[in-house]
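Peer 1: Below is the structure, and that's it, no one-letter string:
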C-alpha cells in the first residue's frame, strides 16, 4: 500500500507491504492533481515498512511513473529504507533513479538525513 502526505516543501510517499506497484500509478496521479502539492516539491519515499524486494523490471516501472510529476517535483528523491535493506534495495534504486527515472536519488536510513540532503540539493537546482 502507498499513501502520501503533503508537508511543504515535501511530499512523502509512505510505502508498506509487498506490492507497491499496484498503488503507485494511482497515487502519483493523485499527487499530480493535488493543489496542496507545491511546485518544485521535494519527494521523499519512506519505504522502511515495505517488505517488497524490487526486481530490475519493478524498479524501472516505478520510476517510469515519476515522469508524471516532472512539472510538480524537483528531479530529486530521497528514499528511506530500513538499515537491514540498505545495501540490497538501495543500490537498485540509486542505479535506476539516475537512469530510467532521470532523478538524482540517494538512499538513507534516516528521514532527517533524507530531508537535509533534499534541502541541500534543492538549492543547487
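Peer 2: Cool, got the structure. Because the structure is a prediction, the values reported are computed rather than measured. Numbers count the residues shown, from 1 in each chain.
Peer 1: Please make it C-alpha for all contacts and neighbour counts, starting now.
Peer 2: Fine.
Peer 1: ok, which stretches of the chain are helices?
Peer 2: Taking DSSP state H as the criterion, the chain carries its helices at 21-33, 56-65, 86-98, 111-122.
Peer 1: Okay, and the beta partners of residue 41?
Peer 2: Under DSSP bridges, the beta-bridge partners of residue 41 are residue 73.
Peer 1: Just confirm it contacts residue 72, I think it does.
Peer 2: Yes: assessed by CA atoms under 8 Å, residue 41 is found in contact with residue 72 at 6.3 Å.
Peer 1: Around the closest residue to residue 114 other than its chain neighbours, count how many other residues there are.
Peer 2: Distance criterion CA to CA, 6 or more residues apart in numbering; nearest residue to residue 114, sequence neighbours excluded, is residue 78 at 5.3 Å. By other CA atoms under 10 Å, the residues close to residue 78 number 26.
Peer 1: go on, residue 2?
Peer 2: Neighbours of residue 2 using other CA under 10 Å come to 22.
Peer 1: circling back: would you turn the helices of the chain into a markdown table with mean neighbour count, mean pLDDT and distance to residue 5?
Peer 2: Converted to a markdown table, the helices of the chain look like this (neighbours: other CA atoms under 10 Å; pLDDT from 0 to 100; distance: least, CA to CA, whole Å):
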| stretch | mean neighbour count | mean pLDDT | distance to residue 5 |
| --- | --- | --- | --- |
| helix 21-33 | 16 | 88 | 9 |
| helix 56-65 | 16 | 76 | 18 |
| helix 86-98 | 18 | 66 | 21 |
| helix 111-122 | 16 | 97 | 14 |
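Peer 1: sorry, back to before: between residue 41 and residue 72, point out the one with more neighbours.
Peer 2: Using other CA under 10 Å as the criterion, residue 41 and residue 72 rank with residue 41 on top: 23 against 19.
Peer 1: Now do the contacts for residue 8.
Peer 2: The contact partners of residue 8, by CA atoms under 8 Å, 6 or more residues apart in numbering, come to 37-38, 41.
Peer 1: which one is residue 11 nearest to, not counting chain neighbours?
Peer 2: Closest to residue 11 by CA to CA, 6+ apart is residue 43, at 5.1 Å.
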